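[1] Any chance you could fold what I've pasted below:
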Amino acid sequence: MLNKNTYRKLIHYSLITCTLCIQIIICIFIYNEYFNGKKLEVIETQIQETSILKNLMEDSRKDLLSAQDNLQKYVINNDKKYLEAYFQSLRNLNKNLDRIGAYKYSNASLKSFIDSRKAELSKLPDLEKSINSVYKEFKKPSPEKTSFKIKDFKVKSIPRKSDTRIEYRLDSVEKKNFLGRLKSAVKNDVDVQRELTVISTQYGDSVNTDQIKTHLDSTINAVNKHYGDEIKKYESSISSSQRKNDNVYRIYDQLIIYSNNWMGIYNIAVSDFSKNLEKDLYEQNSINNKIRRFAVLGLMVLMFFVLIVIVYYNRQSYLDEKKLKLAYEEINKNLNFKNKILGMLSHEIRSPLKIINIFIDRISRKTNDDTIADYLKTIKFTNNSLLIQANQILEYTKNQEKQVELRPIEFNLRNEIESILRAFEPYIESKNNVFEVGNDIDPETIVFADNIKIHQVFTNILGNANKFTEDGKIVVKIETVYIDEQTLKLSVSVSDTGSGISKSDIKKIFEPYFQGVLSNEIDNLGAGLGLNLCKEIIDLFHGTISAQSTLGQGTAVYFAINLNIVK
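    Numbering: from 1, shown residues only. Prediction:
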């Protein structure tokens, strides 16, 4: 049985441990689903916001390509509307970069990635200032162009009658665009539209060719000198314009390079931030899935173990129920047999007890010795007590479910208690104990109460005092107090100088079947029901009972009951 109880305790503790583990796993699962789920939601929200940043970067790329395309169109067509579109594209790109930069203040992770590129960003000029600065230069008015001067030349008259005709014609040269003209000017390949002067003369009979030649040479030299000076001025102007246009183009192109560098740095930061978020999302998902798998696996294992234990216990319970049923049937048989024996004994013992009373009465009538008469009264009182007990046992065997109840009669309280004490005196003195009684009850007090129950209380308390006391003293003190005109309070203390009761047992002496520490020096220890029966009876009287004891120095029992007075 001891091994079985130990095994049962082990199973119970195992079930408790499994239950706690299941609760812990459920808590972990809930924590994982709630708190780690919140982390996943935050990461997913950031990834969604990253798509906005990617869209801004994509718009920035489009703006950069648009700026390059507009600059190229401006260079080809020399139309300022393309240059305005170029600046507008750069401004849009700058706005997109500013929005990305502003977003870092609401996201610490992105801020760390952008700040990690701070060294590269510090080397770049401020894009917005650069755009505005170049745009101001673009808006400045262009210097006035000096027009090409065509000079009139006068030709001296030639003697002799002649028919002279002078024609001015422009040389037909293919028209080139602005960049083409700049390129031809740089290569000194100047095919410009030239003014031709054609002089035709018709003379009479004789012509002085030398004179004509002299006049023509003089004219041609003047023309060549004039247009040579004008061409030099034009070449100088074209060269200056070329340098200026080269510088402007270089500045515009540099703005695109700056914009591209700024965009590249932000693009790397956003890309790294996005990759880091995807990595965090993957790792968090992996952690959550692992916790789920292990939690479910742990729950399955624990629940399987608990199921096995429950099945085993159900089987054992079924077997124990069968054994319990058999034991219950056996107990009922034994109880029935016991009740039958008790009923037979109590029924059969009443007749001898009644016969003893008859003979006691006959002896009392024939004796004149007062001492013998007192002994006979004590014997009769004791015999009547036995007869009462036999009647109660017989009644109990007939109806075991019947509750203990009071059956009051009218009697003289002092005489009844003195009879009880007188009947106990020889029994107490048989163990060399001194029996002292202090009875303050009024001899004329008549009460309406259950004398048999009072007899049982005194019998059990005095019996316990005498059982644990030898060569000592037992003292009984009885007092009465009138509560009102109809109720009398009976207070009794029974003290002895016996073995006493330990402090740990004093609180349990009124419990059923409690016997305290067993002692080999005490015969007939009893079943431990006496004081419990006393407490039940005193509760019926709406009274109280208590005990005080010191181990080795004796015990004192106090009880008080309320009795109805008969006037």
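[2] Which residues are in contact with residue 281?
    By Cβ atoms under 8 Å, 6 or more residues apart in numbering, the residues touching residue 281 are 40, 43-44, 47. From N, CA and C alone the C-beta is placed, and that goes for glycine too.
[3] if we go to 10 Å?
    39-40, 43-44, 46-47 (Cβ atoms under 10 Å, 6 or more residues apart in numbering).
[4] Residue 67 too?
    Here residue 67 is in contact with 85-93, 252, 255-256, 259-260 (criterion: Cβ under 10 Å, 6+ apart).
[5] picking that back up, just put the contacts of residue 281 in CSV and tack on distance to residue 126, neighbour count and pLDDT.
    Converted to CSV, the contacts of residue 281 look like this (distance: Cβ to Cβ, whole Å; neighbours: other Cβ atoms under 10 Å; pLDDT from 0 to 100):
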residue, distance to residue 126, neighbour count, pLDDT
39, 38, 14, 84
40, 39, 15, 83
43, 34, 21, 81
44, 36, 13, 83
46, 29, 18, 79
47, 31, 15, 81
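[6] lowest-pLDDT helix or strand in the chain?
    Taking mean pLDDT, DSSP states H and E as the measure, the helix or strand of the chain with the lowest value is helix 178-186, at a mean of 48.
[7] tell me which element residue 98 is part of?
    Per DSSP states H and E, residue 98 falls inside helix 80-103.
[8] re the thing from before, ok, of the contacts of residue 281, which one's closest to residue 480?
    Nearest to residue 480 among the contacts of residue 281: residue 39, at 82.3 Å, using Cβ to Cβ.
[9] who's in contact with the residue nearest the centre of the chain?
    Residue closest to the average C-alpha location in the chain (Cα atoms, centre = their mean): residue 31, at 6.2 Å. Applying Cβ under 10 Å, 6+ apart to residue 31 gives the contacts 37, 291.
[10] In the helix or strand hosting it, which residues are buried?
    Using DSSP H and E, residue 31 maps to helix 2-31. Residues 18, 25, 29 are the ones in helix 2-31 that count as buried (16 or more other Cβ atoms under 10 Å).
[11] for stretch 460-478, same thing?
    The neighbour-count check on stretch 460-478 (16+ other Cβ under 10 Å) flags 460-469, 472-478 as buried.
[12] What about those, which are in strands?
    Counting by DSSP state E, the part of those found in strands is 473-478.
[13] which among the residues you listed gets closest to residue 216?
    residue 477 (177.0 Å).
[14] Contact partners for the closest one?
    By Cβ under 10 Å, 6+ apart, the contact list for residue 477 reads 436-440, 491-495, 556, 558.
[15] which one of the contacts of residue 281 is nearest residue 311?
    For these, the nearest to residue 311 is residue 40 (39.8 Å; Cβ to Cβ).
[16] quick one, helices of the stretch 201-350 of the chain?
    For the stretch 201-350 of the chain, the helices defined by DSSP state H, counting those that start in this stretch occupy 209-366.
[17] quick one: which two of the ones in strands among the buried residues of stretch 460-478 are the most distant?
    Between any two of these, the greatest separation by Cβ to Cβ is 16.7 Å, found for 473 and 478.
[18] chain center to stretch 271-278: distance?
    Centre-to-centre, stretch 271-278 and its host chain are 30 Å apart (Cα atoms, centre = their mean, to the nearest Å).
[19] Repeat that for stretch 16-29.
    Distance of stretch 16-29 from its chain centroid, counting by Cα atoms, centre = their mean, is 14 Å.
[20] pLDDT on it, on average?
    Mean per-residue pLDDT for stretch 16-29: 88.
[21] what's the answer for stretch 384-397, then?
    70.
[22] Equivalent analysis for stretch 340-348, please.
    pLDDT averaged over stretch 340-348 gives 68.
[23] In this protein, which strand is the longest?
    Under DSSP E, the chain gives strand 554-565 as its longest strand.
[24] Quick check: which helices or strands does that strand pack against?
    Counting contacts by 3 or more Cβ pairs under 10 Å, 6 or more residues apart in numbering; DSSP states H and E, strand 554-565 packs against strand 446-449, helix 451-467, strand 473-482, strand 487-496, helix 530-540, strand 544-550.
[25] now with 6 Å?
    Judged by 3 or more Cβ pairs under 6 Å, 6 or more residues apart in numbering; DSSP states H and E, strand 554-565 is in contact with strand 446-449, strand 487-496, strand 544-550.
[26] strand partners of the shortest one, parallel vs antiparallel please.
    The one in question is strand 446-449. Using DSSP bridges, the strands paired with strand 446-449 are strand 409-412 (antiparallel), strand 554-565 (antiparallel).
[27] Need the winner for burial among the ones you listed.
    Ranked by mean neighbour count, the strands paired with strand 446-449 are led by strand 554-565 with a mean of 19 (mean count of other Cβ atoms under 10 Å).
[28] tell me the angle of that strand relative to strand 473-482?
    Orientation of strand 554-565 against strand 473-482 (axes from the mean of the first three to the mean of the last three Cα atoms, to 10 degrees) gives an angle of 30 degrees.
[29] Tell me the spacing between the residue lying closest to residue 253 once chain neighbours are set aside and residue 95.
    Distance criterion Cβ to Cβ, 6 or more residues apart in numbering; nearest residue to residue 253, sequence neighbours excluded, is residue 71 at 7.3 Å. Separation of residue 71 from residue 95 (Cβ to Cβ, to the nearest Å): 19 Å.
[30] So between the two, which is more surrounded?
    residue 71 (22 against 15; other Cβ atoms under 10 Å).
[31] Phi, psi for that one please.
    phi -60, psi -40 (degrees, to the nearest 10).
[32] Distance-wise, check it relative to residue 97.
    Counting by Cβ to Cβ, the gap from residue 71 to residue 97 is 19 Å.
[33] Residue 539 too?
    94 Å.
[34] Equivalent analysis for residue 468, please.
    Distance from residue 468 to residue 97, by Cβ to Cβ: 103 Å.
[35] for the closest residue to residue 481 other than its chain neighbours, what are its contacts?
    Distances taken as Cβ to Cβ, 6+ apart put residue 489 closest to residue 481, at 4.6 Å, once the chain neighbours are dropped. By Cβ atoms under 6 Å, 6 or more residues apart in numbering, the contact list for residue 489 reads 481, 483, 560, 562.
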